[in-house]
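In: coords please:
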Amino acid sequence: NFGLVHCSFIYDVVKSFIKDFTELDIELLLLILSHCGHALRSDDPSAMKEIVLSVQRRNAENKTNTNSSRVEYMISAMIDLKNNKRRKQDLVFGEKTAKLRKLIGRIKSTAASTGSSKSSDSCLRITLDDILNVQTKGRWWKVGASWIGNQTLQDGADQGEAGTKGGKPRDDEEEELLALASKYRMNTDSRRSIFCIIMGSADCEDAFEKLVRGGMLKNRTERDTVRVLMECCGNEKAYNPFYAHLGARMCEYMPQCKFTFQLAYWDSFKQFNTMKQRKVANLAKLLYQLVAVNPCLKINILKSIDMAPDTIEENAVIFLTIFFFIYFWVRRGPQPSFSAN
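Out: Numbering: from 1, shown residues only. Predicted coordinates:
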């Protein structure tokens, strides 16, 4: 498979063929083994052993098989693979695909060096179930696409809503997210994708996994991710702790995000005179959680605010009042709730 998809996907396909075990399935199994059999064995030898036993078991169950010679040949080829024996046909296929493998390897290395991919040896970890249920669960591997996750379908009326979120069709939801992205001036493809991931995710872990899989926390891309997160948080009608938890997960995974948050806040402090008070309040609560609750930033981030009595701006006063009120209130009693405005 040239390292583009994980071996688990190929094994899922092989198991599907073994389950049906028709004449066409046998031919397809032979085709897969001839092209990537040795790569599959090197990736997961135990799975290859399990496949051989499954084929032998299915062949014994299907005594009326009219294509027994092909099955026996396939079993022989699988046993050779399990024992790491190379056949002449395998060497021929290897020579034919050597140049293509090198070309794809150079493409992946280039993508990794430019930040478009996580690493040069990364591969897409999808399963056959992901492909078969794409209409109901969505495409988690496509940046910006909706994804229901690992939820199971409910009986009755819930089945009719399995492909929707909040009762809205997935296509309509994606259109709404793209419209919101334009409204909030997400003027690049990267920022629009990050916005759709954050706003379209089911929870913090769902958003974090999608950002990691999409390569949104690597190299310079994490700058856009941090700024989009702060923009989304600031534009909420009421503060949502979701953004603080996601920001903390990002800093834990990529420590460089801590400095990026610091720079983003310093830029926000310079724009106090153009901000709405709701955005100022939300960013203050976000900073409190990133400093005190999920400590990944330091309080000295506030040093860049001009606190001179004669020149301090009104929004700066609001920001500092909210931040320090919550900060010192916690030391007196239970942690405050952010559900209220």
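In: excluding chain neighbours, what is closest to residue 244?
Out: residue 289 (3.6 Å; CB to CB, 6 or more residues apart in numbering). The way it works is simple: take the backbone N, C-alpha and C, and place the C-beta from them, glycine included.
In: actually residue 285, sorry about that
Out: residue 239 (4.6 Å).
In: how much space between the one you found and residue 251?
Out: Computed as CB to CB, to the nearest Å, the residue 239 to residue 251 distance reads 19 Å.
In: just residue 24 next, same as before
Out: 52 Å.
In: compare the two and say which is more crowded by neighbours.
Out: The neighbour comparison of residue 24 against residue 251 (other CB atoms under 10 Å) goes to residue 251, with 23 against 10.
In: count of neighbours near residue 219?
Out: 15.
In: look at the residue most central in space within the chain and give its secondary structure.
Out: Closest to where the C-alpha atoms of the chain average out (CA atoms, centre = their mean) is residue 210, at 2.2 Å. Of the three states, residue 210 takes helix under DSSP: H, G, I helix; E, B strand; the rest coil.
In: hmm, back to that, the residue nearest to residue 244 reaches residue 240, doesn't it?
Out: No: between residue 289 and residue 240 there is no contact under CB atoms under 8 Å: 10.7 Å.
In: which of those two has more neighbours?
Out: Neighbours were counted for residue 289 and for residue 240 using other CB under 10 Å; residue 289 has more, 22 against 17.
In: re earlier: which strand or helix spans the closest residue to the residue nearest to the centre of the chain other than its chain neighbours?
Out: Using CB to CB, 6+ apart and skipping the chain neighbours, the partner closest in space to residue 210 is residue 197 (4.7 Å). For residue 197, the host element (DSSP states H and E) is helix 189-200.
In: elements contacting that helix?
Out: helix 170-183, helix 204-213, helix 221-234 (3 or more CB pairs under 8 Å, 6 or more residues apart in numbering; DSSP states H and E).
In: what's the average pLDDT for the first one?
Out: For helix 170-183, mean pLDDT rounds to 65.
In: what's the answer for the last one, then?
Out: For helix 221-234, the mean pLDDT works out to 89.
In: other SSEs contacting it?
Out: Checking 3+ CB pairs under 8 Å, 6+ apart, helix 221-234 ends up next to helix 189-200, helix 242-253, helix 256-269, helix 277-288.
In: which of the ones you listed has the lowest average pLDDT?
Out: Minimum mean pLDDT among the helices and strands packed on helix 221-234: helix 189-200, a mean of 81.
In: list the buried ones in it?
Out: If you call a residue buried by 16 or more other CB atoms under 10 Å, then helix 189-200 has these buried ones: 190-200.
In: any chance of JSON lines for these, columns distance to residue 110?
Out: Output for the buried residues of helix 189-200, formatted as JSON lines (distance: CB to CB, whole Å):
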{"residue": "190", "distance to residue 110": "18"}
{"residue": "191", "distance to residue 110": "23"}
{"residue": "192", "distance to residue 110": "24"}
{"residue": "193", "distance to residue 110": "20"}
{"residue": "194", "distance to residue 110": "23"}
{"residue": "195", "distance to residue 110": "27"}
{"residue": "196", "distance to residue 110": "26"}
{"residue": "197", "distance to residue 110": "24"}
{"residue": "198", "distance to residue 110": "28"}
{"residue": "199", "distance to residue 110": "31"}
{"residue": "200", "distance to residue 110": "30"}
